[in-house]
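A.B. asks: no sequence on this one, just coordinates:
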Ligand code: RIB
């Protein structure tokens with residue numbers, strides 16, 4: 001790991017994911033029989049931190065776990081991945097839990113019990129100002145208190161540290177927050193929430209840009225992504241062909257790799273291409289953190305830039321799935 005680089009700092013959630021595979025996501029009042037249960041390390045913040053570490057870029061995480069077995073286990077796993085966990089605190093609350101159902105089409109539905117993540121307050125964050133000041137870039141999401149995200153955005157703006165905000169899960173945002181965001185990265189559901197009343201992707205992107213963010217990347221899963229903002233022209237990127245097993249954390253894989261791309265000096269479009277590859281690899285495997293791409297896999301995959309090629313087969317041939 002190259003430690004003379006300005007680290008990426010992730011401010012966000014740390015969860016244990018309790019995952020059931022189900023034939024379909026249950027409707028209200030319905031019980032479905034799941035056929036498989038597994039626990040995986042997750043949390044949008046921790047996933048993004050591991051995504052960065054696997055791409056061999058230095059990363060520090062600011063977050064909170066409980067004083068319980070899950071908290072200990074999740075911190076140990078982050079350490080093992082090479083994430084600097086010095087700034088992960090312990091709260092008198094249960095470690096965050098996500099209850100996830102993954103259906104036969106690899107799509108998911110998630111309920112998060114935030115627990116200790118809610119103890120990442122603005123006061124806790126302000127104590128980490130020096131860590132944020134030294135960051136090359138900050139990654140955040142919305143599974144921690146919204147006033148902490150607002151405080152983070154102000155600190156980043158004051159210190160001219162770029163902030164990439166994954167506005168997930170979608171929720172009402174404080175006035176002015178978006179104008180302190182460098183890159184906003186909603187998926188289509190989130191973009192519809194934040195840009196209500198718009199009827200096309202272009203209108204959605206335009207509305208979000210008017211709200212003050214410098215750039216937007218609309219993440220469209222298998223349909224690829226659209227990037228807009230910094231040069232006034234929307235850029236459409238297609239996704240790679242893969243056999244999807246579980247789409248959980250694909251968005252986190254994307255954000256982590258986009259950040260690493262920018263820190264390596266790639267432009268936004270090139271970084272988004274890099275991110276698209278990381279997301280594609282992540283959906284070929286089950287679970288959040290176990291699914292995230294390594295640098296070695298990325299290099300192998302990017303040698304094969306043809307989007308018509310099925311990357312699942314290529315990854316299998318190299319025994320990487
Ligand atoms: O983005 C995926 C993540 O969302 C899961 O790991 C789960 O913990 C929820 O936070």
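C.D. replies: Thanks, I have the structure now. In this text the structure is predicted, and so the values were computed from the model without any measurement. Numbering: from 1, shown residues only.
A.B. asks: Sort out which residues of the helix or strand where residue 209 lies are buried, please.
C.D. replies: Assigned by DSSP states H and E, residue 209 belongs to helix 201-210. Going by neighbour count (16 or more other C-beta atoms under 10 Å), the buried part of helix 201-210 is 201, 204, 205, 206, 207, 208, 209. For the C-beta atoms, the positions are set from N, CA and C on the backbone; glycine is no exception.
A.B. asks: Contacts only, for the closest residue to the ligand within the chain.
C.D. replies: Minimum separation of the chain from the ligand (C-beta to the nearest ligand atom) falls at residue 42, amounting to 2.5 Å. With contact set as C-beta atoms under 8 Å, 6 or more residues apart in numbering, residue 42 has these partners: 15, 16, 17, 98, 100, 248, 249, 287, 288, 289.
A.B. asks: got the residues of the stretch 201-321 of the chain near the ligand?
C.D. replies: 248, 249, 251, 252, 288 (C-beta under 6 Å from any ligand atom).
A.B. asks: just for the stretch 51-200 of the chain, where's the confidence low?
C.D. replies: Counting by pLDDT under 70, the stretch 51-200 of the chain shows no low-confidence range.
A.B. asks: how about the strands in it?
C.D. replies: 59-66, 88-91, 96-102, 108-113, 137-140, 163-165, 183-184 (DSSP state E, counting those that start in this stretch).
A.B. asks: So in that sheet, which strands flank the second one, and in what orientation?
C.D. replies: Paired strands of strand 88-91, with direction, are strand 59-66 (parallel) (DSSP bridges).
A.B. asks: Export the strands of the stretch 51-200 of the chain as CSV, with columns for mean neighbour count and distance to residue 272.
C.D. replies: Output for the strands of the stretch 51-200 of the chain, formatted as CSV (neighbours: other C-beta atoms under 10 Å; distance: least, C-beta to C-beta, whole Å):
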stretch, mean neighbour count, distance to residue 272
strand 59-66, 27, 19
strand 88-91, 18, 29
strand 96-102, 22, 26
strand 108-113, 16, 23
strand 137-140, 27, 15
strand 163-165, 25, 12
strand 183-184, 26, 10
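A.B. asks: follow-up on the earlier one: which one of the buried residues of helix 201-210 is nearest to residue 274?
C.D. replies: residue 205 (20.6 Å; C-beta to C-beta).
A.B. asks: so what's the closest one up against?
C.D. replies: 191, 195, 216, 218, 226, 228, 229, 234.
A.B. asks: how about 6 Å then?
C.D. replies: For residue 205, the contacting residues are 216, 228, by C-beta atoms under 6 Å, 6 or more residues apart in numbering.
A.B. asks: cool, residue 141 as well?
C.D. replies: By C-beta under 6 Å, 6+ apart, the residues touching residue 141 are 12, 44, 45, 166, 168.
A.B. asks: before we move on, the earlier item: any chance you could read off phi and psi for the residue of the chain closest to the ligand?
C.D. replies: phi -150, psi -150 (degrees, to the nearest 10).
A.B. asks: That one and residue 172: what is the separation?
C.D. replies: Remark: distance between residue 42 and residue 172 (C-beta to C-beta, to the nearest Å) = 24 Å.
A.B. asks: Residue 257: what's its closest spatial neighbour, skipping adjacent residues?
C.D. replies: For residue 257, ignoring the flanking residues on the chain, the nearest one in space by C-beta to C-beta, 6 or more residues apart in numbering is residue 278 at 3.5 Å.
A.B. asks: Same check on residue 67?
C.D. replies: Residue 67 sits nearest to residue 90 (C-beta to C-beta, 6+ apart), 5.1 Å away.
A.B. asks: I figured that neighbour was touching residue 64, is that so?
C.D. replies: No. At 7.2 Å, residue 90 does not count as touching residue 64 under the criterion of C-beta atoms under 6 Å.
A.B. asks: that older thread, got the contacts of residue 141 as a markdown table, with distance to residue 112 and neighbour count columns?
C.D. replies: What follows is those, written out as a markdown table (distance: C-beta to C-beta, whole Å; neighbours: other C-beta atoms under 10 Å):
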| residue | distance to residue 112 | neighbour count |
| --- | --- | --- |
| 12 | 12 | 30 |
| 44 | 9 | 30 |
| 45 | 12 | 29 |
| 166 | 14 | 26 |
| 168 | 10 | 21 |
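A.B. asks: Mind checking which of those land in helices?
C.D. replies: Among the contacts of residue 141, DSSP state H puts 44, 45 in helices.
A.B. asks: Any chance of CSV for the contacts of residue 141, columns distance to the ligand?
C.D. replies: Supplementary listing: the contacts of residue 141 in CSV, determined by distance: C-beta to the nearest ligand atom, whole Å:
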residue, distance to the ligand
12, 9
44, 4
45, 8
166, 8
168, 7
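A.B. asks: quick one: which of the contacts of residue 141 is nearest to residue 181?
C.D. replies: Nearest to residue 181 among these, with distances taken as C-beta to C-beta, is residue 166, at 10.3 Å.
A.B. asks: The closest one: what's it in contact with?
C.D. replies: 141, 185, 255.
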